[in-house]
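Engineer: Sequence first, predicted coordinates after that:
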Protein chains: 2
Amino acid sequence: MKNKTEVKLIKNRAIIKFEGKNFLGEIGIDGRIFKALTYARISVGVISQQAIENGISVLVSEADAEKAVNCLINEFEQERKSGKVSLIYSISNVSVIGFVSKDFNKIMSELGRNNIFPLILNQVAAENRVNIVVTSSQDEKAKNIIEAEIFARPKTVHLAIIGHGNVGSTLIDQVLESSEEIRNRKKIDLKIVAVANSKKIALNRSGFSENWNEEILVAERPSKVEELIAFSQQNQLENLIVVDNTASKEFVKNYPVLAENGFDLVSSNKIFNTLPISEYRNFRHILNKKNKKYLYETNVGAGLPLIDTIKLLHLSGENITRIKGVFSGSLSYIFNNFSVRDEKFSTILKEAVEKGFTEPDPREDLSGSDVARKLLILARELDLINEFGDIKIENLVPENFRNLTKDDFIARLSELDEVFDEVKNSQQKNHVLRFTGDLHGDLQQEKGELDVKLISVPADSALGQLKGSDSIFEIYTESYGENPIVIMGAGAGAKVTARGVFGDILRLSENK
Amino acid sequence: MKNKTEVKLIKNRAIIKFEGKNFLGEIGIDGRIFKALTYARISVGVISQQAIENGISVLVSEADAEKAVNCLINEFEQERKSGKVSLIYSISNVSVIGFVSKDFNKIMSELGRNNIFPLILNQVAAENRVNIVVTSSQDEKAKNIIEAEIFARPKTVHLAIIGHGNVGSTLIDQVLESSEEIRNRKKIDLKIVAVANSKKIALNRSGFSENWNEEILVAERPSKVEELIAFSQQNQLENLIVVDNTASKEFVKNYPVLAENGFDLVSSNKIFNTLPISEYRNFRHILNKKNKKYLYETNVGAGLPLIDTIKLLHLSGENITRIKGVFSGSLSYIFNNFSVRDEKFSTILKEAVEKGFTEPDPREDLSGSDVARKLLILARELDLINEFGDIKIENLVPENFRNLTKDDFIARLSELDEVFDEVKNSQQKNHVLRFTGDLHGDLQQEKGELDVKLISVPADSALGQLKGSDSIFEIYTESYGENPIVIMGAGAGAKVTARGVFGDILRLSENK
């Protein structure tokens, strides 16, 4: 009994290519080719001749390749002299994979996503039989992908996690925790095969488990993207995703080369999307050309469905007229509390630092540049070509505090109190302070207006109602008129950010 | 000069199939096949032989088919008797299409999405040359799709709009308005080729323009799905989407047959997703098998990004613990106003009817079944297998009012006032009334608890703050803890619903 669904792999083959002008379809040429091969006692495998364009390819054992080329050169000596037959040559180091599948297209696109493009592809639909010829350096990877598809085996997705700080390590834990259920429910086998920090990269072909932390401790390879690429190629790994959970300005420089080498990308790192617009667009072209994806839903609003919503509204021709809100969890906490509690600004700020809501140096939050980055990322989703320099940012750190050491700054916090008390007390009645991002102006033009600033709003407005460290985003559009779409919730924190990154990973995995 | 990128189509071909056991690779067999064809003076086009599995296919002119079969039968008389050669036969009515493309996979999946599966496929990677053999009934469609891809021509997406009431006609206008920009920006050419109501269907192969209304007036074909399918086949239309903007219980019965016949589906009609779970799941299996998509973001919350958000959170392993909110624009308006204004319930209700916020018979809103349907749809996104009958619904229409005619009901509205005044006055201080849907219980089990009811909430809570006719959805999850994700905005109305439907159409078109 023959197993119809078995995937067969035959190594050590060679392709004999026969090219010429206007001779195909000519009666007798094919006969002469096969007669010559018969006389030379050469067994022929795949044969591929096209009706349109000239050329015929036959597959022989690698050991017969030279003999086959020679016997055809002899047979067609006249035609070679006249130029009718232009080339007869062989390509060695190929393998043929044969399989039966009803879902041929799915398999071909899985192979394509993994940069495997068969040298010869030969399909006969009635029997769902397919033979492909691939270079031997990709044959095992190709076989794995085909088998996963045919036997409905879980498809393995290989993850490289860059950065294992707060978000990164939470993500690794979430992935390890859910991986069995995802394998069962979605037939996706998530394997973390690389974990890197700024110094070192740990690689594990069969996937890290709970003790990944120890493996990175003893890892010895330098944290270079070349290491990761070489590792993925040597091990013929399919379905590659690199996940950037760093805030590194250096690592984002690797995005293009990773896409070129077959990696999809997921990033919670905001840096890339705020680079000059030329680099932003150039990378999109590479992604498009290489058929790779780059998702970054967590760049703005952590796990809240911001970017996807805005993308889709924009694409459906809905004119987005304004996006406004409180984009920062730490600044949300600080001003939600400062506005209603009878405390000094420095007291609230220290509280926020202690609760871990701010960066270690809270000036990074107070400077407004994190909010500005988020605002710029949203603007660019609307095809606006604003640059970071276009943003009007109100820096809440007075100038004479900007060059202090972190410790000096913390020590002198109370000097800020007077200014903020004044701002608070000069408000209208029943108003509260909010630190907001605001994209407005005529958004049908090339650039919009981007403002990042502290404002005073009525306490009973949507912004005024904000609580805890929640973020809020108001999206105004033409159809929705005065009533914006409002999306609100925890817009920061390692847990929800990691969950958002995980969502992006699954989105990619499902479409792989 | 030969145009390398031209797509060539040769009609009137036939495939000669030669099948047998264990003879391929045997030296000399191929030679004998071609020698026999040579003696019979038959010109051979595509040749396809595989290394693994037995069989060889050659393409000849249709006129030569019979002769080719006969000459091979003669040549292999001995082998046919011994059973070594089992079958020699021809398949007529095929065409061969030849093209050069770097993006072979994309083309194959475009063809597959349109139910075109080549009988023979023959690719030689080095030159990016592909020959495919298809049945002649699909050859023009295949050529169109390939050309659109190769020449980066806008890809035509053919829309059939079922229902041209409020939402349907707004959608048609939006599509006609945006189509040029979408063609330029996204290379997608949206063509509305069918518009139907419950009686008639108007068909227009080249696409309707602003005067579609007149064409449906004079249309004579009965509104049957068979008409639509026949029309799409006769005209070899690719990339088909049927859009259901009706509230019809009848039309949804056609969803499976439409998916079977190559249509993707977009629906603002809630009926299908609230059918018994067996039908719900069965249709998903058909979609999966046929590689078709079914989007219905507007089933809940109109244009608000509800369903996609919930899907993704659920998929990423985030445990959703509760979904709660005001799901109905009309009931939002009624109770937002009744709670704070010193007016009778009947006054407010009449106002809502006059403003067009309710259905013509407001009992359809007050019965709670529309909210119940939305709640059930959300529950099923979480893989819960609840049925409509499981929902506890508070019907706001007293029993003795349920069987009245619509006019009688409207005439006797003031009889409702006493009951609702009592409900309003028995609330705690600073509380307001809201008509809510609430999915709760242990959502890790097979079924959740679904409640639809009128509740009293603090005026300063998120639900209590709701204004106008906005909808609000609170999504509670494990990672977000006590702070839900809140999505709020206009959750009803023809304009935002049509825009949401349009979003779904674009999502499908982009992935086509």
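Structural biologist: Looks like it came in fine.

Engineer: give the contact list for the residue lying closest to A:T274 once chain neighbours are set aside.
Structural biologist: Spatially, and ignoring its direct neighbours in sequence, A:T274 is nearest to A:R373 (4.8 Å; CB to CB, 6 or more residues apart in numbering or on different chains). Using the backbone N, CA and C atoms, a C-beta is placed for each residue, glycine as well. A:R373 makes contacts with A:270, A:273-274, A:388, as judged by CB atoms under 8 Å, 6 or more residues apart in numbering or on different chains.

Engineer: One more: A:A247?
Structural biologist: A:A247 touches A:269-271, counting by CB under 8 Å, 6+ apart.

Engineer: mind checking the SS state of it?
Structural biologist: Here A:A247 is coil, with the state taken from DSSP: H, G, I helix; E, B strand; the rest coil.

Engineer: Could you report the pLDDT at A:A125?
Structural biologist: Model confidence at A:A125, given as pLDDT, is 62.

Engineer: do the one 10 residues further on as well
Structural biologist: At A:T135 the predicted local distance difference test score is 89.

Engineer: Spit out the contact partners of it.
Structural biologist: A:93-95, A:119.

Engineer: For it, list each beta-bridge partner.
Structural biologist: The partner list for A:T135 in beta bridges (DSSP bridges) reads A:V94.

Engineer: any chance you could map the helices in the stretch 401-512 of chain A?
Structural biologist: In the stretch 401-512 of chain A, the helices defined using DSSP state H, counting those that start in this stretch lie at A:406-411, A:417-425, A:494-511.

Engineer: With distance to chain B, mean neighbour count and mean pLDDT added, can I get those helices in CSV?
Structural biologist: Below are these laid out as CSV (distance: least, CB to the nearest CB, whole Å; neighbours: other CB atoms under 10 Å in any protein chain shown; pLDDT from 0 to 100):
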stretch, distance to chain B, mean neighbour count, mean pLDDT
helix A:406-411, 28, 13, 93
helix A:417-425, 21, 13, 96
helix A:494-511, 4, 23, 88
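
Engineer: Out of those helices, flag the one nearest A:E381.
Structural biologist: Counting by CB to CB, A:E381 lies closest to helix A:494-511 out of the helices of the stretch 401-512 of chain A; the figure is 15.0 Å.

Engineer: Pull the residues that contact that closest one.
Structural biologist: For helix A:494-511, using CB under 8 Å, 6+ apart, the contacting residues are A:155, A:157, A:159, A:166-168, A:170-171, A:174-175, A:178, A:182, A:186, A:188, A:190, A:239, A:241, A:243, A:245, A:264, A:266, A:268, A:293, A:295-298, A:302-304, A:490, B:312-313, B:315-318, B:479-480.

Engineer: List the contacts of A:D460.
Structural biologist: A:430, B:465.

Engineer: excluding its backbone neighbours, what's nearest the closest residue to chain B within the stretch 201-350 of chain A?
Structural biologist: At 3.7 Å from chain B, A:G317 is the closest residue in the stretch 201-350 of chain A, using CB to the nearest CB. Leaving aside its sequence neighbours, A:G317 sits nearest to B:S178 (CB to CB, 6+ apart; 3.7 Å).

Engineer: what helix or strand is the residue nearest to A:T274 on?
Structural biologist: helix A:369-381 (DSSP states H and E).

Engineer: could you point out which element follows that helix?
Structural biologist: Using DSSP H and E, the helix or strand that follows helix A:369-381 in sequence is strand A:392-393.

Engineer: Please state the offset of that following strand from the chain centre?
Structural biologist: 30 Å (CA atoms, centre = their mean, to the nearest Å).

Engineer: Pull up the pairing partners for that strand, direction included.
Structural biologist: Sheet neighbours of strand A:392-393, with direction, are listed as strand A:449-458 (parallel) (DSSP bridges).

Engineer: contact partners of stretch A:207-222?
Structural biologist: A:164, A:169, A:172, A:176, A:191-193, A:195-197, A:199-204, A:227.

Engineer: if we look at chain B, which of the contacts of A:A247 are close to it?
Structural biologist: With the criterion set as CB under 8 Å from any CB of the partner chain, no member of these is near chain B.

Engineer: just to revisit the earlier point, who wins on neighbours among the contacts of A:T135?
Structural biologist: When neighbours are counted by other CB atoms under 10 Å in any protein chain shown, A:V94 leads those with 25 neighbours.

Engineer: For the residue nearest to A:T274, give its distance to A:G503.
Structural biologist: For A:R373, the distance to A:G503 equals 21 Å [CB to CB, to the nearest Å].

Engineer: go on, A:N93?
Structural biologist: For A:N93, the distance to A:G503 (CB to CB) stands at 41 Å.

Engineer: picking that back up, now do the helix holding A:R373, average pLDDT.
Structural biologist: Mean pLDDT, helix A:369-381: 96.

Engineer: Check stretch A:235-255 too.
Structural biologist: For stretch A:235-255, mean pLDDT is 95.

Engineer: care to break chain A down by domain?
Structural biologist: Domain segmentation of chain A under automatic domain parsing yields A:8-150, A:155-300+A:498-511, A:306-492.

Engineer: Same list, those domains, but as CSV with distance to B:L331 please.
Structural biologist: Below are the domains of chain A laid out as CSV (distance: least, CB to CB, whole Å):
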stretch, distance to B:L331
domain A:8-150, 45
domain A:155-300+A:498-511, 32
domain A:306-492, 17
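
Engineer: Worst mean pLDDT among those domains?
Structural biologist: domain A:8-150 (a mean of 83).

Engineer: quick one: it to chain centroid distance?
Structural biologist: Averaging C-alpha positions (CA atoms, centre = their mean) puts domain A:8-150 35 Å from its chain's average.

Engineer: How about stretch A:364-375?
Structural biologist: 24 Å.

Engineer: got the contact list for the residue nearest to A:G317?
Structural biologist: Residues near B:S178 by CB under 8 Å, 6+ apart: A:316-317, B:502.

Engineer: And for A:G28?
Structural biologist: Here A:G28 is in contact with B:34, B:38 (CB under 8 Å, 6+ apart).

Engineer: now do the one 3 residues further on
Structural biologist: Applying CB under 8 Å, 6+ apart to A:G31 gives the contacts B:31, B:34-35, B:37-38.

Engineer: Columns secondary structure and distance to B:G468 on top of those residues, output as CSV?
Structural biologist: CSV is the format used below for these (DSSP: H, G, I helix; E, B strand; the rest coil; distance: CB to CB, whole Å):
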residue, secondary structure, distance to B:G468
B:G31, helix, 82
B:F34, helix, 79
B:K35, helix, 84
B:L37, helix, 78
B:T38, helix, 82
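
Engineer: how far does stretch A:187-201 stretch from start to finish?
Structural biologist: Length of stretch A:187-201, first residue to last, CA to CA, to the nearest Å: 28 Å.
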